[in-house]
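J.: The amino acid sequence is not available; the structure is as follows:
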């Protein structure tokens, strides 16, 4: 075990080895090889990280906006120069294909690039003579120490949803990445240091629920951002809110794709295949339910044939369409839910269990799986499977489709495929879901728009990215000022030197 790398903590601008006696193996999901060991940090190490962040805030908050912007500009350049290496780390520990991993880094870069515009985004307002001789203006100021807790499925994009905006607005930050695939996150943090973030502005601690709970309840943490499962997210929000902190918690999903008969058939089916099975379904925005409306249900056999042609292999195979699930436990859970779907009476049209990938006998592979005849009370519909499993529902009208989607408690993402502008407008106005795609299967908005999940998919008023992220990581101070004109005859002329 001595040759296996040990993942460090990042505290006060330095990479330090944890003194914990609790370590977890980081596993390559295609081979079951132990590729690293990650510490479960101690309570003292958590306190040290927060203390360093608090100390750094005193000076970082007063660093000029232009200086912070220049660091973000250098940071995005360094990340862009290292896309290949970061993507390889994602694939090794998460399992997603290299092209998918490279795409993830690209989406993270979008957020960093958006943070480069903070000199324009963090502007206050000014009203001269709001009353006679009285001016009113607002200051948009950082909160203090922020914290981020991320899930395993996007080890680079999710941290980018958090700390670039937080630190570019003048906050300092403590990040807890997933313990399942931490190496790419650490690469990202080290590049941020190389870009010029001062010691203590960004800190990284690893661990499980104890560290997450500690961040939520630490008296010096002012705001907490979480992206992950509903079960964990609900607890994070409860703890952080009870401790008097600002919290955003982006949680689980059951994303639908509605296909009308007038849709472009080739485009709709190809897009659905990628949205349902890409990244082995391990996306919070993955399409997990297809709603075929009217005659479009006749396209289902064609869809099945397309799904059968997808290549399942290790993520390092650039020809692969989907790689392994992140862990044996994840595969067991997905296969168990597939079996439960069979037992509850759904029609298993394509079964991805038991797939064998040449050269990778121990991989956590599940192939594309499709059920039809799915009912709302079935476990495969009620639960977020987080695997390459698609549930198919058939309805007669667009109105029925909207009613069906709105009946699901989650509101993360939804898509509609149609060539009818009126149908699209009806859909976007009546659907009760945060992110809506029109002929776009996974409607994750660009980084300068906010991520806007709703209902059971989100707790907290403000989401990541865009204007909402700037609002989340800042507070507004309003100043009302009256200056009485000086009439004593004293020379008040200011000489510029």
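T.: Yes, it's here. Keep in mind it's a predicted model, so treat the numbers as computed, not measured. Residues are numbered from 1 along each chain as shown.
J.: Geometric centre of the protein: which residue is closest?
T.: Centroid check for the chain by Cα atoms, centre = their mean gives residue 158 as the closest residue, at 3.8 Å.
J.: Tell me what the closest residue to that residue other than its chain neighbours is bridged to.
T.: Closest residue to residue 158 apart from its sequence neighbours, by Cβ to Cβ, 6 or more residues apart in numbering: residue 150 at 4.0 Å. From N, CA and C alone the C-beta is placed, and that goes for glycine too. Note on residue 150: beta-bridge partners by DSSP bridges are residue 227.
J.: confidence score at residue 150?
T.: Looking at residue 150, its pLDDT is 98.
J.: Could you double-check that it lies in contact with residue 162?
T.: Yes. The criterion here is Cβ atoms under 8 Å, and residue 150 meets it with residue 162 at 7.3 Å.
J.: Dihedrals phi and psi, residue 372?
T.: phi -120, psi 170 (degrees, to the nearest 10).
J.: per-residue pLDDT, it?
T.: Value listed for residue 372 in the pLDDT field: 98.
J.: residues contacting it?
T.: 300, 346, 347, 349, 392, 394 (Cβ atoms under 8 Å, 6 or more residues apart in numbering).
J.: Out of the residues you listed, who's the most crowded?
T.: The most crowded member of these, judged by other Cβ atoms under 10 Å, is residue 346 (22 neighbours).
J.: Does the residue lying closest to that residue once chain neighbours are set aside belong to a helix, a strand or coil?
T.: Once flanking residues are discounted, residue 346 sits nearest to residue 371: 4.3 Å by Cβ to Cβ, 6+ apart. Classification of residue 371 by DSSP: H, G, I helix; E, B strand; the rest coil places it in strand.
J.: Now for residue 371: which residues touch it?
T.: Neighbours of residue 371 in contact, by Cβ under 8 Å, 6+ apart: 341, 346, 347, 348, 349, 380, 389, 390, 391, 392.
J.: In strands only, show me those residues.
T.: 347, 348, 349, 389, 390, 391, 392 (DSSP state E).
J.: For these, work out which two are farthest apart.
T.: The most widely separated members of the ones in strands among the contacts of residue 371, counting by Cβ to Cβ, are 347 and 389 (13.3 Å).
J.: just to revisit the earlier point, remind me which helix or strand the residue nearest to the centre of the chain belongs to.
T.: helix 157-160 (DSSP states H and E).
J.: Low-confidence bits of this protein, can you list those?
T.: Within the chain, the stretches with pLDDT under 70 are 1-2, 487-497.
J.: Show me which residues of stretch 61-72 are buried.
T.: Buried residues in stretch 61-72, counted by 16 or more other Cβ atoms under 10 Å: 65, 68, 69, 71, 72.
J.: still on that earlier bit, what residues do residue 150 and residue 162 have in common as contacts?
T.: residue 175.
J.: Looking only at neighbour counts, state which of these two leads.
T.: Legend: neighbour count by other Cβ under 10 Å for residue 150 and residue 162, higher for residue 162 (27 against 24).
J.: correct me, but the more buried one touches residue 225?
T.: Yes. The criterion here is Cβ under 8 Å, and residue 162 meets it with residue 225 at 4.9 Å.
J.: Quick check: what element follows whichever helix or strand residue 292 is part of along the chain?
T.: If you go by DSSP H and E, residue 292 is part of strand 287-293. Proceeding N to C from strand 287-293, the next assigned helix or strand is helix 300-308, under DSSP H and E.
J.: so what does that following helix touch, helix or strand wise?
T.: Applying 3 or more Cβ pairs under 8 Å, 6 or more residues apart in numbering; DSSP states H and E, one finds that helix 300-308 makes contact with helix 265-277, strand 347-350, strand 369-372.
J.: Give me the distance between it and the centre of its chain.
T.: 30 Å (Cα atoms, centre = their mean, to the nearest Å).
J.: Which positions in that helix come out as buried?
T.: Those would be 300, 303, 304, 306, 307, for helix 300-308 by 16+ other Cβ under 10 Å.
J.: residues in contact with it?
T.: 265, 269-270, 272-273, 276-277, 290, 292, 349-350, 368, 370, 372, 390, 392.
J.: number of nearby residues for the nearest residue to residue 350 once chain neighbours are set aside?
T.: Closest residue in space to residue 350, ignoring its immediate chain neighbours: residue 370 at 4.2 Å, by Cβ to Cβ, 6+ apart. The local packing of residue 370 (other Cβ under 10 Å) involves 25 other residues.
J.: Kindly report the same for the one 10 residues further on.
T.: Other residues within reach of residue 380, judged by other Cβ under 10 Å, total 23.
J.: Tell me the spacing between it and residue 232.
T.: 22 Å (Cβ to Cβ, to the nearest Å).
J.: Residue 5 too?
T.: For residue 5, the distance to residue 232 - Cβ to Cβ - is 27 Å.
J.: and if you look at residue 363?
T.: To residue 232, residue 363 is 26 Å away according to Cβ to Cβ.
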